[in-house]
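In: Just a sequence and a predicted model for now, questions to come.
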Amino acid sequence: MTMSDPRRTPQILYIEDSDESRSLVRRLLSKKYVVLEASDPLDGFQLAEETHPSLILLDSSLPHMSGSEAATRLSKMLPNTPIVIVSGDLTPGVRERSLAAGAVGFITKPIDADFVEQVEAYLNGKVEKLENAEEHLQAYQQELVERLEDNIRQLTNTVEKNKHLLQQNERMFSMLERRHKLLETAARVGQMVTSILDLDDLLKHTVNIICSEFSFYYSGIFLVSDDGHWAALRAGYAAAGRKMMAENYRLPVDEKSMIGKSIIQQQAQIALDVAGEESRFKNPFLPNTRSEMALPLIVKSRSLGGLTVQSDELNAFTEEDITSLQTMADQVAIAINNAQLMFKLEAATSELVRSKTFEAIATATGEAIHWVGNKAAPIPGSIKRVREDIRYILALASEFAPNDPDAKNVSLMAAVQTVREEAQAMGIDLIQILAEMSAMKPNRLQAMVSVESLMEDLDIAENSAETILSIKEGLIGPARQRNDAPVALREMIADTVSNMGLPDGVVELDWTDDVPNAFVDVRQVEQVFNNLIKNAWEAMAETSEPNIRVKGQRDADSNFVLVTVKDNGPGIPKEIQEKIWVSFFTTKGGSGGTGLGLSAVMQIVNQHGGSISLESEVGKGATFSVRLPVEKKT
């Protein structure tokens, strides 16, 4: 079987705006021919010029032109290509005018079974004859003239419409340009007012900006009172505003005034001529007002108050003004709300700080009393035992004192006699005590008169007293009056370490060459580094090779010197890193420590205008960073 060459298969171009008609023709012709399609004449012209089809089928009624006009144009483009009009218009003269326009044939719709044979005949050279060609040509030319005139009328109407539209567009552009300028100004006003958090400053700036930016006669801001019954003037423009403010000017929140009405209805109120506005509240302070607009200040459906804008011109406000000014009023309302929230936040913060301060004082006082009580608890028991021991020793001394009348014992005998007399005067019956002692078993008696036990009780009382005194120093020391002076921290810390008596090599001192002098109280800062180094040393009790590195350098902020104290101890767990700065908190348990060391360190550093911080991980040691102010060079 021989395949036909598609390049030699006749191509038929069908120009038709109906999808159904094109589909029908395609189905009838595509078995024998290559069918090209276009839905409008302009696309058909381009496709015909590109493909040079064997035959062109034209619908008689096409968009923008008739089939006859399209045939004339195509016959000029492709004079050797036959053109056939396909039409359902059977009006007399249609076929003749089509042939006069350059078509070689005319096929009527609806398309029937003979359509394929008709197309094949035209492909084979069939040309329908036109009688009285001159007459039909004139008729066709007349039709073209009429269509041309009709097109000219349509173009004229279109030009007039376009001219009208152009005028409307110019007016619209002018309105949009004005609105853009108003919106831009409103945005600038909003940006300026939202950066002010003090409420009085915010309101005053707002009315001043509105009048200066928009060139209005007057502007004022009213805020709703706490009970919701009054709208009080909180800011007014120029002299009139100042006078009204001085008289505590306010309006009831009702519908008798434009401000009250805007607050209640949460909608803008406009009076383009105040003389005829019933809801206008007459204001003797503003006699020149001719137009007024009241805008609600709304945040989350809640009316905070109202903004009045007044002009000394009639009909001063347009829809664009309302939109722009309401946008600005919304931003002002947000700014007012933020300022009010800031005020409430500051008040709440102050109350919270006050409450927390009292709570901290009460907690610290309770902990101090508890701590001192624990340290003082052993003293009464020790004193009681010492008293008992002294009674027994006095009894023994008075009983076994030498009775040698020799002169060298006269002073001793006098002392013994004095003891007996003072004991008797104090109600201590030494004879009775001796009797009790004589009745005791020897081991019991020896325990009662133990010098070792007596000294141990005295040591307990002495240690407790010293601990209580150290608490006093820890609490009061940082509060002593400072005597700030230039201090070379390098030498001061070296002396502090030397006086601590730590093993050689435990503390390493590392200083850069550009470390400036600190301007501090030398005695208090000595206490800071003594406590930090002492804590580091005690924390490394279980560390095989303890090491403390003290490094000094100029801080990134040139106004401070930075000293770090780093150890290789067990580190401080995250969960207690905030607690270590609290008074009486200690990790040393019963091994000593008042829990005031780091609390005093932080207080001293902060009082000097410096800072202290901690970095630590369990098992990786701890690093304390101290920043102290440097000496100011004059």
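Out: Looks like it came in fine.

In: For Arg554, which non-adjacent residue is spatially closest?
Out: In this structure, Arg554 finds its nearest non-sequential neighbour in Asp514, 5.4 Å apart by C-beta to C-beta, 6 or more residues apart in numbering. For every residue, glycine as well, the C-beta is placed using N, CA and C.

In: State the distance from the one you found to Pro629.
Out: Counting by C-beta to C-beta, to the nearest Å, the gap from Asp514 to Pro629 is 16 Å.

In: For the two, work out which one has more neighbours and name it.
Out: Pro629 (18 against 8; other C-beta atoms under 10 Å).

In: Name the SS class of the more buried one, please.
Out: strand (DSSP: H, G, I helix; E, B strand; the rest coil).

In: Quick check: beta-bridge partners of it?
Out: Phe560 (DSSP bridges).

In: looking at it, it is touching Asp557, isn't it?
Out: No: look at Pro629 against Asp557 with C-beta atoms under 8 Å: they stay out of range, at 10.0 Å.

In: Could you give the secondary structure assignment for the residue nearest to Arg554?
Out: coil.

In: likewise Cys211?
Out: Under three-state DSSP, Cys211 comes out as helix.

In: so what's Val35 bridging to?
Out: Those that pair with Val35 in a beta bridge, by DSSP bridges, are Ile12.

In: Okay, and Arg549 sits in which element?
Out: Taking DSSP states H and E as the definition, one finds Arg549 inside strand 548-554.

In: Which neighbouring elements make contact with that strand?
Out: helix 489-500, strand 507-511, helix 522-539, strand 560-567 (3 or more C-beta pairs under 8 Å, 6 or more residues apart in numbering; DSSP states H and E).

In: What distance do you get for Ile209 to Lys300?
Out: 24 Å.

In: So which of these two has more stuff around it?
Out: Higher neighbour count among Ile209 and Lys300: Ile209, with 20 against 7, using other C-beta under 10 Å.

In: which stretches of the stretch 501-634 of the chain aren't confidently modelled?
Out: Filtered on pLDDT under 70, the stretch 501-634 of the chain yields the residue ranges 583-596, 634.

In: Actually, the stretch 351-500 of the chain.
Out: Residues of the stretch 351-500 of the chain meeting the criterion pLDDT under 70: 351-376, 400-409, 448-450, 466-481.

In: could you redo the last one with a cut-off of 90?
Out: Scanning the stretch 351-500 of the chain for pLDDT under 90 picks out 351-483, 499-500.

In: Which parts of it are helices?
Out: Counting by DSSP state H, counting those that start in this stretch, the stretch 351-500 of the chain has helices at residues 378-400, 410-425, 430-438, 442-448, 451-476, 489-500.

In: Let me have these in a markdown table, adding distance to Pro79 as columns.
Out: Shown next, in a markdown table, are these (distance: least, C-beta to C-beta, whole Å):
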| stretch | distance to Pro79 |
| --- | --- |
| helix 378-400 | 131 |
| helix 410-425 | 157 |
| helix 430-438 | 157 |
| helix 442-448 | 147 |
| helix 451-476 | 117 |
| helix 489-500 | 108 |
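
In: for the ones you listed, which one sits closest to Leu509?
Out: Closest of those to Leu509 is helix 489-500, at 6.1 Å (criterion: C-beta to C-beta).

In: hang on, the earlier thing: now do the strand holding Arg549 against strand 507-511, angle only.
Out: Per axes from the mean of the first three to the mean of the last three C-alpha atoms, to 10 degrees, the angle that strand 548-554 makes with strand 507-511 is 10 degrees.

In: which outside residues touch strand 548-554?
Out: 489-490, 493, 497, 506-512, 514-516, 529, 533, 536-537, 540, 561-567, 630 (C-beta atoms under 8 Å, 6 or more residues apart in numbering).

In: Which segments of this protein make up each domain?
Out: The chain resolves into domains spanning 6-131, 188-345, 378-470, 480-629 when parsed by automatic domain parsing.

In: circling back: most packed of the helices and strands packed on strand 548-554?
Out: strand 560-567 (a mean of 22; mean count of other C-beta atoms under 10 Å).

In: Alpha carbons of that one, as CSV, please.
Out: Extracted in CSV, the C-alpha atoms of strand 560-567 (Å, rounded to 0.1, in the frame of the first residue of the first chain):
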residue,chain,number,x,y,z
PHE,A,560,35.7,49.0,81.8
VAL,A,561,38.4,46.5,82.7
LEU,A,562,37.6,42.8,82.6
VAL,A,563,38.9,40.3,85.2
THR,A,564,37.9,36.6,84.9
VAL,A,565,38.4,34.0,87.7
LYS,A,566,38.3,30.5,86.2
ASP,A,567,38.7,27.1,88.0
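
In: After it, which helix or strand is next? Please name it.
Out: helix 597-607.

In: Return the list of helices and strands in contact with that next one.
Out: Looks like helix 597-607 contacts helix 451-476, helix 522-539, strand 611-616, strand 622-629 (3+ C-beta pairs under 8 Å, 6+ apart).

In: Flag every buried residue along it.
Out: For helix 597-607, the neighbour count (16 or more other C-beta atoms under 10 Å) marks Gly597, Leu598, Ser599, Ala600, Val601, Met602, Gln603, Ile604, Val605 as buried.

In: which stretches of the stretch 151-300 of the chain have low pLDDT?
Out: 151-216, 226, 255-257, 269-284, 287, 290-291, 300.
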